[in-house]
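A.B. asks: Predicted structure and sequence below. I'll ask about it afterward.
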Amino acid sequence: MQKIHVRKKIVLCVAGVVLLFSCKAKQPSGAGQSAADMGIGVFIPGVMAGSAVYEMLAQGVERAGAEKNVAVTVVEAGYNQAEWETILTSMAASGGYRLIVSSNPSLPAIATSVSAKFPAQKFLLLDGELAGNGAIYTVRYNQTEQAYMAGYIAALKAREIGATRVGLIAGQEYPAMNSIIVPGYVRGAQAVDPAFTADFRVLGNWFDAGKAAEIARDMLANGVKVILCIAGGANEGIVQTAAENNAAVVWFDTNGYAVRPGVVVGSAIIRQEKLAYEKTLLFLEGSLPFGRADIVGVAEGYVDFIEDDPDYKATVSQDIREKQSALIARIRGGSLVLQE
Ligand code: RBF
């Protein structure tokens, strides 16, 4: 299997040019190829290091590619979002990819614009939503469920320490954050006790751990004891601050207990590797339903809360774990429906 990581530096030096020209020797030769010779491109809107959503995306696509003997090329587009459309356009213009896979809520709009110029290019977009474009398939997660489970454990833990305020630090503001994740988190916390309020802060990027630590310190000084981290590579600063101040954090997207045992008290996850793998495989088998927008959640097995981790059991009291377990059982069993 072919795997090339094009780092931000390379991306920057070829901005505005056909990106893939820079690694021509290792690439499929581009336009004019038959579909059978074309690979799959993974467009990472950011960098993979520190952002589990993107690591899982690449891993899932690579697993499907390996199984079907199809080359997978991973392109890290970097943190400058102004460059993303140019880089995605370059990938489509190369004609080298039978499918471009990506993930985050801003991709449907960018892919729509690229699609208008290169209508033959197919896109598989996770963690975003768009129906009605025959070249684009999207599937997103029920993040009301994910955030609700995070809010519930955060409030249970905060209540144990004597607080009625929980925190959330996000890398950036975007519609899914403001209208789904934050409200879901607050609902979850208020299900523990209606008195709970949330301190929601935005970092402004997905990498500045120093600034994230500063924000976390300010939150803790204002009565927050538990913080939900959704800031990619900057999460490390939040965890460090929590560790230094006897506070706790809740992890999002992946199992984070091992990041800092004793500090991470919950992991509300999405199964992005599995979803990327399955949808890529579906495409390679010719049955990805382009034009459709799907949503998957707890019932389908793509949103979950990790309870069977030794660090979770060692860190969180049995009383809290039992309450959290009862909540998850209600969501799984359908007696608590958290639709968006
Ligand atoms: N999440 C990350 O973990 N790392 C990122 O670099 C990142 N960049 C994003 C950029 C944009 C424009 C948007 C809309 C979201 C981004 N996210 C990132 C958030 C991600 O899509 C998702 O909402 C969260 O990981 C919660 O599941």
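C.D. replies: On my side now, so go ahead.

A.B. asks: At which residues are the strands of this structure located?
C.D. replies: For the chain, the strands defined by DSSP state E cover 5-6, 39-44, 72-76, 97-103, 123-126, 136-141, 165-170, 197-202, 226-230, 248-253, 264-270, 293-296, 303-305.

A.B. asks: Point out the most buried one among the ones you listed.
C.D. replies: strand 226-230 (a mean of 28; mean count of other Cβ atoms under 10 Å). All C-beta atoms are positioned from the backbone trio N, CA, C, and that covers glycine.

A.B. asks: residues contacting the nearest residue to Glu236 once chain neighbours are set aside?
C.D. replies: With Cβ to Cβ, 6 or more residues apart in numbering as the measure, Ala209 is the residue that lies nearest to Glu236, at 4.7 Å, once sequence neighbours are left out. Ala209 makes contact with Gly233, Ala234, Asn235, Glu236, Gly237, Gln240, according to Cβ atoms under 8 Å, 6 or more residues apart in numbering.

A.B. asks: so where's the chain uncertain?
C.D. replies: 1-33, 36 (pLDDT under 70).

A.B. asks: Would you mind listing what in it touches the ligand?
C.D. replies: Residues of the chain lying close to the ligand by Cβ under 6 Å from any ligand atom are 45-46, 51, 53, 81, 104-106, 127, 171-172, 174, 176, 206, 230, 232, 252-253.

A.B. asks: Of the residues you listed, which belong to helices?
C.D. replies: Using DSSP state H to define helices, the subset of the residues of the chain next to the ligand located there is Val53, Ala176.

A.B. asks: Just the buried ones from the residues of the chain next to the ligand?
C.D. replies: Neighbour-count burial (16 or more other Cβ atoms under 10 Å) applied to the residues of the chain next to the ligand gives 45-46, 51, 53, 104-106, 127, 171, 176, 206, 230, 232, 252-253.

A.B. asks: Return the closest of these with respect to Ile328.
C.D. replies: Phe252 (15.7 Å; Cβ to Cβ).

A.B. asks: Quick check, that closest one in contact with Tyr141.
C.D. replies: No: counting by Cβ atoms under 8 Å, no contact exists between Phe252 and Tyr141, whose distance comes to 10.9 Å.

A.B. asks: what's the spacing between Ile100 and Gly78?
C.D. replies: The gap separating Ile100 from Gly78 is 17 Å, by Cβ to Cβ, to the nearest Å.

A.B. asks: repeat for Gly96
C.D. replies: Applying Cβ to Cβ, the value for Gly96 to Gly78 is 20 Å.

A.B. asks: what does Phe207 give?
C.D. replies: The separation that Phe207 has from Gly78, given Cβ to Cβ, amounts to 10 Å.

A.B. asks: which residues sit in contact with Asn205?
C.D. replies: For Asn205, the contact set (Cβ under 8 Å, 6+ apart) comprises Tyr79, Gly171, Gln172, Lys211, Ala234.

A.B. asks: Of those residues, which pair is most distant in space?
C.D. replies: Counting by Cβ to Cβ, the most remote pair of the contacts of Asn205 is Tyr79 and Lys211, 13.7 Å apart.

A.B. asks: Could I get the contacting residues of the spatially most central residue of the chain?
C.D. replies: Centroid-nearest residue in the chain, with Cα atoms, centre = their mean: Val53, separated by 3.5 Å. With contact set as Cβ under 8 Å, 6+ apart, Val53 has these partners: Ser103, Asn104, Asp127, Asp253, Ile270, Gln272.
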